[in-house]
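Q: Need a 3D model of the following:
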Amino acid sequence: MPDLMKVVEQSQLREDIPAFRVGCTVRVNYRISEGNKERIQAYEGVVIRKHLGDKNSKATFTVRKMTQGHGVERIFPIHSPRIESVQILKHGHVRRAKLYYLRERRGKAARIREKISARSRS
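A: Reported below is the predicted structural model:
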């Protein structure tokens, strides 16, 4: 029986989501249904947490953004069919696996250094 569960879970995994890490600034286009209508809402912020990796069907990631001076966090399942797309806007240079310390920071103190790759210098 567990083998059947693994087969079903593996069939639900998405391959079109780009590889991002904690510290990256991403824009998640998420499908929202309001009544009988559907629309796509963009949610843009810093990934502060990834849970269970990329290859697990229950994997999630948490995105934090500042809205009108208040921090707002949202948890997205990576393999959800409601996610339209994930765009990586910036790669952050961080030395932690979880960026919970950003919850106490405001303004310039909450900035994350951008990772500079050798290819982007020229």
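Q: ranges for the strands of the protein?
A: Taking DSSP state E, the strands of the chain run over residues 25-34, 37-51, 60-67, 70-77, 83-90.
Q: where does the chain have its least confident helix or strand?
A: One helix or strand of the chain scores below all others by mean pLDDT, DSSP states H and E: helix 2-12, with a mean of 83.
Q: any residues touching it, and which ones?
A: Here helix 2-12 makes contact (Cβ atoms under 8 Å, 6 or more residues apart in numbering) with Ser57, His79. For every residue, glycine as well, the C-beta is placed using N, CA and C.
Q: so where is the protein shaky, pLDDT-wise?
A: Low-confidence segments of the chain (pLDDT under 70): 1-2, 119-122.
Q: Determine the number of other residues adjacent to the spatially closest residue to Arg96 that is not a sequence neighbour.
A: Leaving aside its sequence neighbours, Arg96 sits nearest to Val22 (Cβ to Cβ, 6 or more residues apart in numbering; 7.2 Å). For Val22, the neighbour count with other Cβ atoms under 10 Å is 18.
Q: My guess is Val22 contacts Arg49. True?
A: Yes - contact criterion Cβ atoms under 8 Å: Val22 and Arg49 qualify, at 6.6 Å.
Q: so what sits against both of the two?
A: Lys98, Leu99.
Q: most tightly surrounded among the strands of the chain?
A: The highest average neighbour count among the strands of the chain, using mean count of other Cβ atoms under 10 Å, belongs to strand 60-67 at a mean of 17.
Q: Give the pairing partners of that one; include direction for each.
A: strand 37-51 (antiparallel), strand 70-77 (antiparallel) (DSSP bridges).
Q: Help me confirm that Arg39 comes into contact with Ile32.
A: Yes - at 5.8 Å, Arg39 counts as touching Ile32 under the criterion of Cβ under 8 Å.
Q: overlap in contacts of those two?
A: Counting by Cβ under 8 Å, 6+ apart, nothing touches both Arg39 and Ile32.
Q: Can you say which of the strands paired with strand 60-67 is nearest to Leu99?
A: strand 37-51 (4.0 Å; Cβ to Cβ).
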